[in-house]
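K.L.:
Please work out how this folds:
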Amino acid sequence: MRFVEAIRVTNRRVVLSAKLVVMDRRWVGVGVGAVIRRGDDVLLLKRRNVHGDGTWSTPGGHVEFGESLERCAAREAQEETGLVAGEVSFLAVTNDYMPEDGKHYVTERLVHGHALGGRP
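P.N.:
Here you go, the predicted model:
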């Protein structure tokens with residue numbers, strides 16, 4: 001949000017008016033996707049109560065302020081699957097524009113070499 005100020009002269013008086021203007025709320029989010037493999041298999045989750053409801057996706061989510069991409073991928077994997085992630089490496093970046101949902105994300109896909117522990 002921002003304030004817009006205007007000055008106008010009316011009948012030799014100076015009038016200062018201010019109004020609150022709501023800025024455009026469009027933004028691009030940053031997210032990660034954690035690609036967890038076991039052999040040739042890839043762990044997928046069915047999305048619920050979020051955009052893409054009912055579709056399949058890798059675990060992942062929003063990067064928190066000050067959080068590294070690798071830490072975010074490990075955190076999201078553990079929160080969503082119960083698995084403690086091992087070493088991660090870069091896989092790809094996707095530009096996910098979803099005009100029908102009014103969303104736009106840049107998502108880094110990271111591969112987890114293996115899970116160190118936990119139970120899915």
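
K.L.:
Poorly predicted segments of this structure, please.
P.N.:
Flagging of the chain using pLDDT under 70 yields the residue ranges 1-24, 113-120.

K.L.:
hang on, residue 89 is in a strand, isn't it?
P.N.:
Yes - remark: residue 89 belongs to a strand, assigned using DSSP: H, G, I helix; E, B strand; the rest coil.

K.L.:
neighbours around the residue nearest to it when sequence neighbours are not counted, how many?
P.N.:
Closest residue to residue 89 apart from its sequence neighbours, by Cβ to Cβ, 6 or more residues apart in numbering: residue 111 at 5.4 Å. For the C-beta atoms, the positions are set from N, CA and C on the backbone; glycine is no exception. If you count neighbours by other Cβ atoms under 10 Å, residue 111 ends up with 18.

K.L.:
quick check, residue 71 in a strand?
P.N.:
No - when three-state DSSP is applied, residue 71 is found to be helix, with no strand at that position.

K.L.:
circling back: let me know whether the residue nearest to residue 89 touches residue 92 as I believe.
P.N.:
No - taking Cβ atoms under 8 Å as the definition, residue 111 is not a contact partner of residue 92, at 9.3 Å.

K.L.:
Contacts for stretch 88-96 next, please.
P.N.:
The set of residues external to stretch 88-96 that reach it, using Cβ atoms under 8 Å, 6 or more residues apart in numbering, is 33-35, 70, 73-74, 103-113.

K.L.:
Please apply the same query to stretch 47-67.
P.N.:
Outside of stretch 47-67, the residues within contact range by Cβ under 8 Å, 6+ apart are 29-36, 42-46, 69, 72-73, 75-77, 79-81, 98, 101, 103, 107, 109.

K.L.:
what's the first-to-last distance across it?
P.N.:
The distance separating the two terminal residues of stretch 47-67, taken as Cα to Cα, to the nearest Å, comes to 24 Å.
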